[in-house]
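A.B. asks: fold the following and give me the result.
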Amino acid sequence: MEAQYFEKSSGGVMRHWKISLDGIRCHIAWGQVGGQTQRSSTTLDDEAHAKHHFTRKVSEKRRQGYVEVASGAAIEAATAAADVMADAKLLDVMRAQEEKRYEGAWDFYWAGYEPIAGNEGVFAKFHDFKAGPGPFYDYLVLSKDERRGLHFGVKEPGHDPNNVAAFLDFIRPRLELAFSGHSHRKVPLPSLIGQFDHVLFCAPSLCHNRYGGRLGQAIPILDREIGDEDGETLVEARLQGRDSMPSTTWDREPFPVIDLKFDLRSEKPVREKTFKVYPRSMLERGIRLLTDALPGSWLEIRNYRRDVLALTSADLTQETPAEIDRFLLGDSAHA
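C.D. replies: Modelled structure (predicted):
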């Protein structure tokens, strides 16, 4: 990881600014020394783009009069000194940030969270929404030192107390996987929890760095829903992009990886040069367009194992939809 730390004095106020580069993601932290630190993250297309973004941001701050005052190992110490909440417990950080919104915001936010018997440091709240997302349970799991945590949600129709208990038993001793320096960790379960066979531990960078990067996420998944070799950009797209995985729906149908690239030639050609995450509706539309496309058209589908199914109009038969389902769900002669 590459990082630089800057400070600037103006009008008797000392401000700090830190940027760090981790693969394709840039993290920025800023604020008044002795005050609250704000944070943001940006995911770039590739490492070259990320490096360019990092360099451009540093040049921008230098032009604004910021001076680099620490590098290497000294950055973390300087950042901690600038952030008065650096050693605070997660609930205190959450309280401080919520109270900045309006007086009484924390009491409103935290009302209804109850400790889960037999699970120290675990809290849950039931949201009885009649519209929108509908009723769901929100869980918060604290680390042993209570400085960081994981959250996960479960919509009421798929909420099974036995499955939730098994999920908590698995993730609690592995909570630090969300803070291991990786954007995500896909971990197999020793036995099924409901229908799920894996857990995806997501770093704060995939959770919008809520509460100063102290809060990660744990999601039960099927193996076919996240690729073993998926990078941060792909996982972010699967969780937050077009037709994203309904991660709070524990009784969902399988939501397999669908990565597409295509060249569908017609009067209004449709092209995608590199594999990108697409919803099932785009795959179905692509098959329809391929049926009547001009010669030289093609469509390629990539599944969670990174196997590729290549199709032209000549390959399409009545069996094609079933063949695609077998391919995406993991039972395919193309594997």
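A.B. asks: run through who's touching the longest helix seen in the chain.
C.D. replies: Secondary structure assigned by DSSP state H gives helix 47-63 as the longest helix of the chain. The contact list for helix 47-63 (Cβ atoms under 8 Å, 6 or more residues apart in numbering) reads 2, 4, 6, 17, 19, 21, 23-26, 28, 42, 44. C-betas here are computed from N, CA, C, even on glycine.
A.B. asks: want to throw those residues into CSV with neighbour count?
C.D. replies: Shown next, in CSV, are those (neighbours: other Cβ atoms under 10 Å):
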residue, neighbour count
Glu2, 12
Gln4, 20
Phe6, 21
Trp17, 20
Ile19, 21
Leu21, 21
Gly23, 18
Ile24, 20
Arg25, 20
Cys26, 21
Ile28, 17
Thr42, 14
Leu44, 19
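A.B. asks: can you put the residues you listed in JSON lines and add distance to Thr249 and secondary structure?
C.D. replies: Converted to JSON lines, those look like this (distance: Cβ to Cβ, whole Å; DSSP: H, G, I helix; E, B strand; the rest coil):
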{"residue": "Glu2", "distance to Thr249": "39", "secondary structure": "strand"}
{"residue": "Gln4", "distance to Thr249": "42", "secondary structure": "strand"}
{"residue": "Phe6", "distance to Thr249": "44", "secondary structure": "strand"}
{"residue": "Trp17", "distance to Thr249": "40", "secondary structure": "strand"}
{"residue": "Ile19", "distance to Thr249": "37", "secondary structure": "strand"}
{"residue": "Leu21", "distance to Thr249": "35", "secondary structure": "strand"}
{"residue": "Gly23", "distance to Thr249": "30", "secondary structure": "coil"}
{"residue": "Ile24", "distance to Thr249": "29", "secondary structure": "coil"}
{"residue": "Arg25", "distance to Thr249": "27", "secondary structure": "strand"}
{"residue": "Cys26", "distance to Thr249": "32", "secondary structure": "strand"}
{"residue": "Ile28", "distance to Thr249": "33", "secondary structure": "strand"}
{"residue": "Thr42", "distance to Thr249": "29", "secondary structure": "strand"}
{"residue": "Leu44", "distance to Thr249": "30", "secondary structure": "coil"}
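A.B. asks: and the strands in the stretch 101-250 of the chain, which stretches?
C.D. replies: Applying DSSP state E, counting those that start in this stretch to the stretch 101-250 of the chain gives strands spanning 114-116, 119-127, 136-142, 149-155, 184-193, 196-202, 215-221.
A.B. asks: strands paired with the first one, and their directions?
C.D. replies: The sheet places strand 114-116 alongside strand 119-127 (antiparallel), with pairing taken from DSSP bridges.
A.B. asks: from the chain's centroid, how far away is the partner strand?
C.D. replies: Distance of strand 119-127 from the chain centroid (Cα atoms, centre = their mean, to the nearest Å) equals 22 Å.
A.B. asks: avg pLDDT for it?
C.D. replies: For strand 119-127, mean pLDDT is 96.
A.B. asks: swap in stretch 285-297?
C.D. replies: Stretch 285-297 comes out at a mean pLDDT of 95.
A.B. asks: list the buried residues for the longest helix of the chain?
C.D. replies: 50, 53-54, 57-58, 61 (16 or more other Cβ atoms under 10 Å).
A.B. asks: what of stretch 317-332?
C.D. replies: 323-324, 326-328, 330, 332.
A.B. asks: try stretch 172-181
C.D. replies: 172, 175, 177-179.
A.B. asks: distance to Ser143 added to those, as a markdown table?
C.D. replies: Compiled in a markdown table, the buried residues of stretch 172-181 are given as follows (distance: Cβ to Cβ, whole Å):
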| residue | distance to Ser143 |
| --- | --- |
| Arg172 | 9 |
| Leu175 | 5 |
| Leu177 | 11 |
| Ala178 | 10 |
| Phe179 | 8 |
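A.B. asks: tabulate those (TSV), appending pLDDT and distance to Pro190.
C.D. replies: TSV is the format used below for these (pLDDT from 0 to 100; distance: Cβ to Cβ, whole Å):
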residue	pLDDT	distance to Pro190
Arg172	97	15
Leu175	97	17
Leu177	95	15
Ala178	93	19
Phe179	89	22
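A.B. asks: what about the helices in this protein?
C.D. replies: With DSSP H as the criterion, the chain has helices spanning 47-63, 74-82, 90-99, 105-110, 161-171, 210-213, 232-240, 280-291, 320-329.
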